[in-house]
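>>> Okay, predicted coordinates and the sequence, questions at the end:
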Amino acid sequence: MTRIQKNRRRRARGRGRNKAFLVLVVFGIVAGLSALSAVGYVVSVAASAPSLSVLKPRELGGASRVFAADDKPLGFIQADEFRQTISGDRIPEVMKNATVAIEDERFYSHSGVDLTGVVRAAVANFTSGKTVQGGSTITMQLVRSLYISNERTFDRKIREAKLAEELEDERSKPWILNSYLNSVSFGTVGGQTAVGIQAAARMYFDKPARELDLHEAALIAGLPQAPDSYSPARHPEAALERRDEVITKMAELEMVSEKAAARAMARPLDLELNGYFTDRRERYFFDYVKDQLIAEYGLRTVRNGGLRVYTTIDLDKQRAAREAIAGRLAGVGPSSAIVTLDPRNGEIEAMASGGDYSVSVFNLAAQGKRQPGSTFKTMGLLAAIREGVNPATTSYVSKPLKFEDPQYGPIDVKTYDGTYGGSKDLVQATLSSDNSVYQQLALDIGPDKVKDTARDMGIKAKLFGYPGEVLGGLKYGVSPLEMATSYATLANGGYRVRPTAIRKVTFPDGHSERPRRFKPRRTKEFEPWMTYEVTKILQQNMTSGTGTQAQIGCPAAGKTGTTDNHGDAWFVGYTQRLSTAVWVGYPEARVPMLTEYHGARVAGGTYPAEIWGGYMQQATGGSCPEFKDPDTPPQWTPFDGKYATDGGGGSDDAPDTGPSTAPEEEPDAEPESDDEGDGGNDRPRRERPDPPADDGGAVDPTDYQSPVGAGGGAQAPGGT
């Protein structure tokens, strides 16, 4: 080769190297510009992210829990997520270490963002062709949970990293780790998700977090990355493998010894799935409380607001109520409901039923609307006394009634057993539960007076002012809760109380309240002497009238009630400190109970009185204070009823003035509102009411004559 050829080849090689160099330079410049552009992009996105100081942490909520009067738990209110926040000192170190080992091993050395972890995750994901590791630190995951959305974008990652560094500047590592463990989801079982370590420990192992062992803590720590894939309930083999991966990592980081790790990995899953979050005691009362809470706070707050609700229910009385029901009705057929409240403040202390919640969630005690029978005669008695009518000196002739009343139309009433006692005063008529006498009394004082008195005692059911209502012939019926509430007015000396089931609601931030809806409220409706006169008669009824089977060995007063076809039977009574209503019947319909009482008919003086007596002996402990004598004497006025044979004037020195009956709120009482409408204070309408019955209940409407005039007539075949 000539020298010229060599020089040409050398120049060609140089030109090739120069071109390659230029290409590298160009690529380098482009890469540099791209890197600068990427850096600028990151800086721009980070700069646009709001500062942590102006962001409000997302309210993660928590499970709301209900407690009895003695602070024993009744259960959690159903929710999609269950979360219980606990302090860091209640989270064991083994749980913290397991979480750091598998989620963020450099947690204690980085400042919110772990660049090494990001590179490691990128390489692992690239080589596997799918996402197998995440580069987010515990701090970044907490920021995502508390402050930003879960959208999977690069912008979110940049903001997440920026806020994580800010959070590290503001909070300590222990605070961040504890907050993470209280906010991360640990999987779903039975449609409900455990959020936070306490909920997870309860869901999977039925124990509090502080009692977790190494193999249990490792299982839980491995769940957040893929709660469904590693679910021990659905994929036990995958869960076991993941658990051992966590334990191995802990041993590698010298958080546990090799020997301890080997022992832990030799253990089975040891799951103890349970009903900790789903089991509830006193289900009927529990539902009643939940409905009250929702009315006050709304469904979302009640389910996920982390409320601690302290109620009025007495578990000992609940047990005694169920035992009393079962002791008389087990295997018989009918069911029963009992409600007890404190007449002093309206707090519900018992709300029990003989029903099976798994069969029917209908709360007979609070929702069951049944005919009250002759328990409503008490409203007529108090209405008369309110008008100044003296029960001991006012008499009527007990006889079959079949006539046309000029104002109320046809009246057709008989006594319960078809016998009549001639002239009876109102005391005697109450003890024998005489329908004839009480029907004439209602016509004389005015059925509207009976309606108003029932309303003022606490009856919420709509009433129409028909004559038959004094015998218990109501159009819509009443619940045991209403009856216990109304008789409480007699026990406390004339104050209508509002029934309440909730004493206190505590929020996650520690503050407690008792909203107006739940506060005791007493409204004075009757003078003490009026209710005392009723009480004296109802005390006699328990010793020598229809309620003798309800005696408890200490001062108590009460009244029986039975409907004409024996479809409903009642005993409602009270001591000075407890007012209790007992109903017996078939829940689905008014099925006649004609042979259920040892082959005989069920009436108020049978099962209901016996259940009331057996229960109240336990509830009172056999000790009841005497009813308090009123400070003022009765104020009787002359009474000249159209149907009365004797007028009801008082003694010669009794003042001839009517009693004061204007409602009077206690000084500290809340203004009263009716949450259930007008309660029946409308003027009587031309509707067909359910007719009264043998013990004040209702007969078949086909046997009832059409109402005449402003109200309706009355029919009843008898009463007890």
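Nice, I can see it.
>>> how does this protein divide up, domain by domain?
With automatic domain parsing serving as the domain definition, the record reports that the chain contains domains spanning 81-231+241-265, 322-659+681-716.
>>> what stretches of the stretch 501-650 of the chain score poorly on pLDDT?
Scanning the stretch 501-650 of the chain with the threshold set as pLDDT under 70 gives 647-650.
>>> the strands in it, which residues?
Across the stretch 501-650 of the chain, reading from the start of the chain, the strands by DSSP state E, counting those that start in this stretch fall at 502-506, 512-513, 522-524, 557-562, 568-574, 579-585, 646-647.
>>> how about those strands, which one is nearest Ile325?
Each of these has some distance to Ile325 by C-beta to C-beta; the shortest is strand 579-585, at 8.6 Å. In short, each C-beta sits where N, CA and C put it, glycine included.
>>> So what's the gap between that closest one and the chain middle?
In terms of C-alpha atoms, centre = their mean, to the nearest Å, the gap separating the centre of strand 579-585 from the centre of its chain is 21 Å.
>>> what angle sits between that strand and strand 568-574?
Our comparison of strand 579-585 with strand 568-574, counting by axes from the mean of the first three to the mean of the last three C-alpha atoms, to 10 degrees, yields an angle of 170 degrees.
>>> follow-up on the earlier one: how about the strands of the stretch 501-650 of the chain in JSON lines, adding mean neighbour count?
Formatted as JSON lines, those follow (neighbours: other C-beta atoms under 10 Å):
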{"stretch": "strand 502-506", "mean neighbour count": "18"}
{"stretch": "strand 512-513", "mean neighbour count": "12"}
{"stretch": "strand 522-524", "mean neighbour count": "22"}
{"stretch": "strand 557-562", "mean neighbour count": "33"}
{"stretch": "strand 568-574", "mean neighbour count": "32"}
{"stretch": "strand 579-585", "mean neighbour count": "31"}
{"stretch": "strand 646-647", "mean neighbour count": "14"}
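>>> Adding distance to Leu443 as columns, could you present those strands in a markdown table?
Output for those, formatted as a markdown table (distance: least, C-beta to C-beta, whole Å):
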| stretch | distance to Leu443 |
| --- | --- |
| strand 502-506 | 43 |
| strand 512-513 | 49 |
| strand 522-524 | 29 |
| strand 557-562 | 21 |
| strand 568-574 | 24 |
| strand 579-585 | 27 |
| strand 646-647 | 15 |
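>>> Among those, which comes closest to Leu307?
Scanning those with C-beta to C-beta as the criterion, the closest one proves to be strand 502-506, at 5.6 Å.
>>> Select, out of the strands of the stretch 501-650 of the chain, the one closest to Ala261.
Nearest to Ala261, of all these, is strand 502-506, at 41.9 Å by C-beta to C-beta.
>>> picking that back up, which among the domains of the chain is found nearest to Val66?
Distances from Val66 to each of the domains of the chain were compared by C-beta to C-beta, and the smallest falls on domain 322-659+681-716, at 9.0 Å.
>>> any chance you could map the helices in the stretch 201-350 of the chain?
Here the stretch 201-350 of the chain has its helices, by DSSP state H, counting those that start in this stretch, at 214-221, 236-252, 258-265, 283-297, 299-304, 315-329.
>>> Please indicate which of the ones you listed has the most neighbours on average?
By mean neighbour count, with neighbours taken as mean count of other C-beta atoms under 10 Å, helix 214-221 ranks first of these at a mean of 28.
>>> so what does that helix touch, helix or strand wise?
Based on contacts counted as 3 or more C-beta pairs under 8 Å, 6 or more residues apart in numbering; DSSP states H and E, the elements that helix 214-221 packs against are helix 93-103, helix 197-205, helix 236-252, helix 258-265.
>>> Just send those back as JSON lines, with mean pLDDT too.
Formatted as JSON lines, the helices and strands packed on helix 214-221 follow (pLDDT from 0 to 100):
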{"stretch": "helix 93-103", "mean pLDDT": "98"}
{"stretch": "helix 197-205", "mean pLDDT": "97"}
{"stretch": "helix 236-252", "mean pLDDT": "98"}
{"stretch": "helix 258-265", "mean pLDDT": "98"}
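>>> Would you mind giving these as CSV with distance to Pro587 added?
What follows is these, written out as CSV (distance: least, C-beta to C-beta, whole Å):
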stretch, distance to Pro587
helix 93-103, 49
helix 197-205, 35
helix 236-252, 43
helix 258-265, 53
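>>> wait, which of those helices is closest to Gln367?
Nearest to Gln367 among these is helix 197-205 (32.1 Å), distances taken as C-beta to C-beta.
>>> The closest one vs helix 93-103, what angle?
Calculated by the same axes, to 10 degrees, helix 197-205 forms an angle of 90 degrees with helix 93-103.
>>> quick one: buried residues of helix 197-205?
By 16 or more other C-beta atoms under 10 Å, the buried positions in helix 197-205 come out as Ile197, Gln198, Ala199, Ala200, Ala201, Arg202, Met203, Tyr204, Phe205.
>>> outside of that helix, which residues touch it?
Contacts of helix 197-205 from elsewhere in the structure, counted by C-beta atoms under 8 Å, 6 or more residues apart in numbering, are 63, 82-86, 90-91, 95, 181-182, 186-187, 189, 192, 194, 207-209, 211-212, 216, 219-220, 223, 232, 270-274, 276-277.
>>> swap in stretch 225-238?
So stretch 225-238 is in contact with 102-103, 134, 185-189, 204, 219, 222-223, 239-240, 242, 269, 271, 273, going by C-beta under 8 Å, 6+ apart.
>>> Tabulate the CA atom coordinates of stretch 538-555 in CSV.
This file holds the C-alpha atoms of stretch 538-555, laid out as CSV (Å, rounded to 0.1, in the frame of the first residue of the first chain):
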residue,chain,number,x,y,z
LEU,A,538,-104.1,0.4,91.8
GLN,A,539,-102.3,-0.8,95.0
GLN,A,540,-105.6,-2.3,96.1
ASN,A,541,-106.0,-3.9,92.7
MET,A,542,-102.8,-5.8,93.3
THR,A,543,-103.9,-7.1,96.7
SER,A,544,-107.6,-7.7,96.1
GLY,A,545,-108.5,-7.0,92.5
THR,A,546,-107.5,-8.4,89.1
GLY,A,547,-103.7,-8.1,89.7
THR,A,548,-103.1,-10.3,92.7
GLN,A,549,-100.7,-12.6,90.8
ALA,A,550,-98.3,-9.6,90.4
GLN,A,551,-97.7,-9.1,94.1
ILE,A,552,-94.0,-8.6,95.0
GLY,A,553,-94.0,-8.2,98.7
CYS,A,554,-93.5,-4.4,98.7
PRO,A,555,-95.5,-1.3,97.8
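>>> Low-confidence regions, this protein specifically.
When residues are selected by pLDDT under 70, those of the chain lie in 1-49, 54, 117-135, 149-156, 647-720.
>>> Kindly provide the distance from the closest residue to Asn178 other than its chain neighbours to Val413.
Leaving aside its chain neighbours, Asn178 sits nearest to Gly88 (3.9 Å; criterion: C-beta to C-beta, 6 or more residues apart in numbering). Counting by C-beta to C-beta, to the nearest Å, the gap from Gly88 to Val413 is 74 Å.
>>> Next one: the nearest residue to Pro634 once chain neighbours are set aside relative to Trp636, how far apart?
If you skip the residues right next to it in sequence, Pro634 has Trp529 as its closest partner in space, 5.1 Å away by C-beta to C-beta, 6+ apart. Using C-beta to C-beta, Trp529 is found at 10 Å from Trp636.
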